[in-house]
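Trainee: Provided below for reference: sequence and predicted model.
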Amino acid sequence: MYQDKTKSNSSNLSKLAGEYLAFRIGREEYGFEILSVQEIRSYERPTKMVNAPDYVKGVIDLRQKIIPIVDLRMKMGYTQAEITTTTVVIVVNVNGSVIGMVADSVADVVDIAVDELHESPANSVDENGVVKAIASFRREGSQGAEGEPGRERMVSLLNLPRLAGSLAKQASSSNESQEIATF
């Protein structure tokens, strides 16, 4: 039976409409659902962890809870950048786990309407489905990734549970390979 994919895709995208925290990594903008964001902190040097993957910068004590700090730039294949005064740690809650995500800067909170959402072409190359959709919009007074007011913006909306799942999967395979190498 023929199924109209347009209706199905539109329905899936409508579930993604809402408020997102937009942040920058390099010249690109990404977003987390605002309800997943616990807080935004200035960057502080974390305590290194032995045998952690390169993108895990270490851990910090957040109100007597030890949380991992993940460098999103490295995790997403960008080159490592120097820490600046705009570097932030976005503390997110993913299914009860608290994780700190390092980003170059925070842009703003954006309310994304369903007609501004597009399916991610990255799904064909993004084996973990980390990018769930692309938001494309223009707002008066809104600054795009280039910092120009009123400029067209594209924000890749990230699927936090899948991003966290891919982090755990990579960490365990990294630890396994390190254990094998030591025997």
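Mentor: Happy to help now that I have it. Residues are numbered from 1 along each chain as shown.
Trainee: what stretches of this protein score poorly on pLDDT?
Mentor: For the chain, residues meeting the criterion pLDDT under 70 lie at 1-11, 122-128, 141-150, 166-183.
Trainee: go ahead and flag the most central residue of it.
Mentor: Centroid-nearest residue in the chain, with Cα atoms, centre = their mean: Leu158, separated by 5.1 Å.
Trainee: what about the strands in this structure?
Mentor: Here the chain has its strands, by DSSP state E, at 18-25, 28-33, 37-42, 56-62, 65-71, 88-94, 97-103, 105-112, 117-118, 131-137, 153-158.
Trainee: only the C-alpha atoms, please, for the fourth one, written as CSV.
Mentor: Taking C-alpha atoms only, strand 56-62 is exported to CSV below (Å, rounded to 0.1, in the frame of the first residue of the first chain):
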residue,chain,number,x,y,z
VAL,A,56,36.2,13.4,27.0
LYS,A,57,38.1,16.3,28.6
GLY,A,58,37.6,14.9,32.1
VAL,A,59,35.2,15.5,35.0
ILE,A,60,34.0,18.3,37.2
ASP,A,61,32.3,18.5,40.5
LEU,A,62,28.9,20.1,40.0
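Trainee: tell me which residues of that strand come out buried.
Mentor: 56-57, 59-60, 62 (16 or more other Cβ atoms under 10 Å). C-beta: built from backbone N, CA, C; applies to glycine.
Trainee: in TSV: those, plus distance to Arg151.
Mentor: Shown next, in TSV, are the buried residues of strand 56-62 (distance: Cβ to Cβ, whole Å):
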residue	distance to Arg151
Val56	34
Lys57	31
Val59	38
Ile60	35
Leu62	35
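Trainee: if we can go back for a sec, Met49: which of the strands of the chain is closest?
Mentor: strand 56-62 (5.4 Å; Cβ to Cβ).
Trainee: show me the contacts for the residue nearest to the centre of the chain.
Mentor: By Cβ atoms under 8 Å, 6 or more residues apart in numbering, Leu158 lies in contact with 30-32, 130-132.
Trainee: now the strands of the chain in JSON lines, with distance to Lys48?
Mentor: Output for the strands of the chain, formatted as JSON lines (distance: least, Cβ to Cβ, whole Å):
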{"stretch": "strand 18-25", "distance to Lys48": "22"}
{"stretch": "strand 28-33", "distance to Lys48": "25"}
{"stretch": "strand 37-42", "distance to Lys48": "18"}
{"stretch": "strand 56-62", "distance to Lys48": "5"}
{"stretch": "strand 65-71", "distance to Lys48": "10"}
{"stretch": "strand 88-94", "distance to Lys48": "16"}
{"stretch": "strand 97-103", "distance to Lys48": "14"}
{"stretch": "strand 105-112", "distance to Lys48": "24"}
{"stretch": "strand 117-118", "distance to Lys48": "39"}
{"stretch": "strand 131-137", "distance to Lys48": "29"}
{"stretch": "strand 153-158", "distance to Lys48": "26"}
